[in-house]
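**Q** sequence below, structure please.
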Amino acid sequence: MKKSNIPQYIQSNWYVDDQFSQQLGDNTAPQKEVILERWKIFDLELRKYLSTRTFSAPLRVLDAGCGDGINLVGLEKILSNLNQNFKLHAVDLSVLRVGRVLQRFKRINAFVTSLDSLPFQDAYFDIVLCNHVLEHLEQPDIALQELLRVMRPGGMIIIGVPNEGCFMAKMRNYIFQRSILKTTDHINFFTSKSLQNMMTRANLKPLIIYHRGWFLPHMRLIRLFNNIVGRYLLNWIRIVFPSNAADLIAVAIRDP
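**A** Modelled structure (predicted):
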């Protein structure tokens, strides 16, 4: 296994907020709704994928850029409900976050590493999830190639990114909430086309790209529309104008 030489200042200062309390807490309805909607897509695609395959060994699953482990909770629930024999692995650049994962999840292998140097052998994983990570990276193409290296032929990858290259995102960033560009650590502002182009460069063809939610041009509007009527309206608008969805979730199978 390869080791990653990560500067200590990056390891210790990447992020420090508690993602569970901020995104899944009782007072975080808008954020929690987003997480649960993503899990529904993960659930659907994992069910479709696993229904056509059998595995003699435990299913090997990687959460690449796991943070505090929010999506590990979702993956555990989904795979357990599918009666799968599985083993979860996780990586993140933050020592703090990996430490939290190891404390919360007793049976998960978690490592501090960057996505361009993963500590796993070739063709190791059956399923890889990389959710809201690639927008932070200076060289997402290299990270994607490394993720494909550790995937077995026929393995499935799920990639989620914010749709921050769309028209509504530009309205937010350059007109209605320009402070975002001063505080964000996002480097890549993806659209459905640029996401697909990146995957094509990696010789990976998406089976489907989901357009989830609607990109509201100011953060305060998220809470305003987080009710039954608001979500219904935004979902209808997304169906009519999918290019301005809030999230993009691509699903692909690595060719044999």
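**Q** surely residue 162 meets residue 190?
**A** Yes - contact criterion C-beta atoms under 8 Å: residue 162 and residue 190 qualify, at 7.0 Å. The C-beta positions use only the backbone N, C-alpha and C, and glycine is treated the same way.
**Q** show me which of the two is the more surrounded one.
**A** residue 190 (25 against 19; other C-beta atoms under 10 Å).
**Q** find me the pLDDT at that one, would you?
**A** Residue 190 is assigned a predicted lDDT (pLDDT) of 98.
**Q** same deal with residue 93?
**A** pLDDT, residue 93: 92.
**Q** from residue 183, how far off is it?
**A** 19 Å (C-beta to C-beta, to the nearest Å).
**Q** mind listing what residue 242 touches?
**A** Shown in contact with residue 242 (C-beta atoms under 8 Å, 6 or more residues apart in numbering): 192, 211.
**Q** settle it for me: which of residue 93 and residue 183 has more neighbours?
**A** Comparing residue 93 with residue 183 by neighbour count (other C-beta under 10 Å), the higher total belongs to residue 93, at 22 against 6.
**Q** name the residues of stretch 75-95 that come out as buried.
**A** By 16 or more other C-beta atoms under 10 Å, the buried positions in stretch 75-95 come out as 75-76, 78-79, 86-95.
**Q** could you dump the residues you listed into a markdown table with secondary structure and distance to residue 151 added?
**A** Shown next, in a markdown table, are those (DSSP: H, G, I helix; E, B strand; the rest coil; distance: C-beta to C-beta, whole Å):
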| residue | secondary structure | distance to residue 151 |
| --- | --- | --- |
| 75 | helix | 16 |
| 76 | helix | 20 |
| 78 | helix | 19 |
| 79 | helix | 17 |
| 86 | strand | 15 |
| 87 | strand | 15 |
| 88 | strand | 15 |
| 89 | strand | 12 |
| 90 | strand | 16 |
| 91 | strand | 14 |
| 92 | strand | 18 |
| 93 | coil | 20 |
| 94 | coil | 23 |
| 95 | helix | 26 |
